[in-house]
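Undergrad: Got a sequence here, can you build the structure:
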Amino acid sequence: MTDFDVVIVGGGPAGLTAAVAAGRRGWRVALFESNDDIGGMAASFDVADIRVDHGSHRLHPAASAPVRSMLEELLGDDLQVRERNGRVRVDGTWLAFPFRATDLIRHVSPSFLLGVGRDALLRPMRRPKAESYAELVRVGLGPTVLDRFHGPMAHKLWGVDPALLSEELARRRLPIRNSAGLVRMVARTSRPTGRVFLYPRHGFGQIVERLSEAALDAGVQVFTGQPVTSVVPGVGEVRFSSPLGGVGAGRLLWTGPVAGLQHALGQSVRSPVTHRGLVLVCLVLPHGPWTEFDAHYVPDPEVVFSRLSEPRNYRHDDRGGPRTVLCAELPCSPGDALWSASDEELMARVVEGIQFCGLPEVHVDEVVVRRLSAVYPVLTVEGRHQRANALATVDHVPGITVLGRQGRLVGDNVHHVMDMALTAVGCIDDDGSWNDSAWREACRRFEDHVVQD
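TA: Residues are numbered from 1 along each chain as shown. This next block holds a predicted model:
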């Protein structure tokens, strides 16, 4: 008999959701996380007694019914419905985000408005010159939107000219791809009901904290600081090694980095998909709120951060006293100059960006820096088959199922990967057999996921 019916590798939202769902079916379940803490990028941490996240995270009403039901059960009244109130800098002008018709009429620059209008009229005449991120935006939304917003923002996030990024990346990141879609979106978000989101009272990390509690309640054994180093696949039993020794499982659900599974299987990893990292710079201010806005989006190449958020504006939470925290997201690559900069240098660069954008002056009491090495998978035109090739090496291995952001090399939202996890557990029949056809069909559905910012 195997040690466990189901073993999950990875303690982020996907892994924890799978653990809860499998444990509640009465199976013997274990979860192995290589880090000392669970939650991954979805975890929260304390800065000046204020809960902050690893960047700007939200839950979206687009979550599937099973995911929404699980979240409501776990969080109860702590799952707050909030109205989005962000801003995006376009052509040197701050616009409300999500967009609102009256705000666009009042604040959008005449040259930008004329350019967008001209591009909409000429849309039938544009044809793609290549299958790239830049061409999908240029053909669908027009050169004006590409040159003045999406192009600079894409270059900032992935560190690559958008003409060299794959079309697949754009399809996964851009819910609006043509002028008609933009008009429909503005019509929806001009109403308060069209710009709501869900957010836990005590930070986004409250989701993984409650999932972890629910997993333990369901009898799941959770092992942290336990990387899986080798895997021997098989029908009916998968054997793998960790610092605890050899372990057997009826089904292995892998939510960690796909390259880690390839190494554990003894596969040679050729031209792996690279990732863009992120430095999160948290500035503690003596008084708050700093502004009324929850987040500022900044594509300008002169500004080091892509997004500046104020976590206290995401939720109603009386804790934290008079102070507030600003969280600046600085896309970079591990090992580059920005990644290696000191806390003082990073703080200075963020303050310079705040001044450049004409935002209110900041007086910083403290700076806290976190570094995340694998945030944005970089899918290029030249390497457009890298992701498919990587998944092909692991997707048909007996006894193993690959899911989640890191596993499937996607930038999906949390509600997407929770849906993946529930689906994967649902593909395990009561006798432990695997419904491969149902999973293949689900994977085709997952390919249509589009990130909601």
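Undergrad: domains for the protein, by residue range?
TA: Using automatic domain parsing, the domains assigned to the chain come out as 4-45+58-83+200-273+382-446, 100-189, 275-378.
Undergrad: Single out the most deeply packed of these.
TA: domain 4-45+58-83+200-273+382-446 (a mean of 19; mean count of other CB atoms under 10 Å). Just so you know, the C-beta spots here come from the backbone N, C-alpha and C atoms, and that holds for glycine as well.
Undergrad: to the chain's geometric centre, what's the distance from that one?
TA: 15 Å (CA atoms, centre = their mean, to the nearest Å).
Undergrad: Same check on stretch 99-110?
TA: Offset of stretch 99-110 from its chain centre (CA atoms, centre = their mean): 29 Å.
Undergrad: Leaving out sequence neighbours, find the closest residue to residue 167.
TA: residue 131 (4.5 Å; CB to CB, 6 or more residues apart in numbering).
Undergrad: Look up phi and psi at residue 290.
TA: Main-chain dihedrals, residue 290, degrees, to the nearest 10: phi -70, psi -50.
Undergrad: Verify the stated contact: it with residue 324.
TA: Yes - with contact defined as CB atoms under 8 Å, residue 290 reaches residue 324; the gap is 5.5 Å.
Undergrad: intersection of neighbour lists for the two?
TA: residue 310 (CB atoms under 8 Å, 6 or more residues apart in numbering).
Undergrad: could you dump the domains of the chain to JSON lines with mean pLDDT?
TA: As requested, the domains of the chain are exported to JSON lines (pLDDT from 0 to 100):
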{"stretch": "domain 4-45+58-83+200-273+382-446", "mean pLDDT": "95"}
{"stretch": "domain 100-189", "mean pLDDT": "94"}
{"stretch": "domain 275-378", "mean pLDDT": "95"}
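Undergrad: Now distance to residue 92 too, for those domains, in CSV please.
TA: Shown next, in CSV, are the domains of the chain (distance: least, CB to CB, whole Å):
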stretch, distance to residue 92
domain 4-45+58-83+200-273+382-446, 26
domain 100-189, 7
domain 275-378, 8
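Undergrad: so which of the ones you listed comes closest to residue 90?
TA: Closest to residue 90 of the domains of the chain, according to CB to CB: domain 100-189, at 5.5 Å.
Undergrad: can you tell me the distance between the two ends of that closest one?
TA: Using CA to CA, to the nearest Å, one end of domain 100-189 lies 6 Å from the other.
Undergrad: contacting residues around the residue nearest to residue 387 when sequence neighbours are not counted?
TA: Take residue 387 and drop its neighbours on the chain: the residue closest to it by CB to CB, 6+ apart is residue 409, 4.8 Å away. Taking CB under 8 Å, 6+ apart as the criterion, residue 409 is in contact with 258, 273, 377, 379, 387, 390-391.
Undergrad: Residue 298: which of the residues you listed is nearest?
TA: residue 377 (22.1 Å).
Undergrad: quick one: the residue nearest to the closest one when sequence neighbours are not counted and residue 135, what's the gap?
TA: Of all residues not flanking residue 377 in the chain, residue 409 sits nearest, at 4.9 Å (CB to CB, 6+ apart). Per CB to CB, to the nearest Å, residue 409 is found 22 Å from residue 135.
Undergrad: Next: residue 8.
TA: 39 Å.
Undergrad: show me the contacts for residue 197.
TA: Each residue near residue 197 by CB under 8 Å, 6+ apart is listed here: 58-61, 81-82, 84.
Undergrad: Same question for residue 81.
TA: 196-198 are the contacts of residue 81 under CB under 8 Å, 6+ apart.
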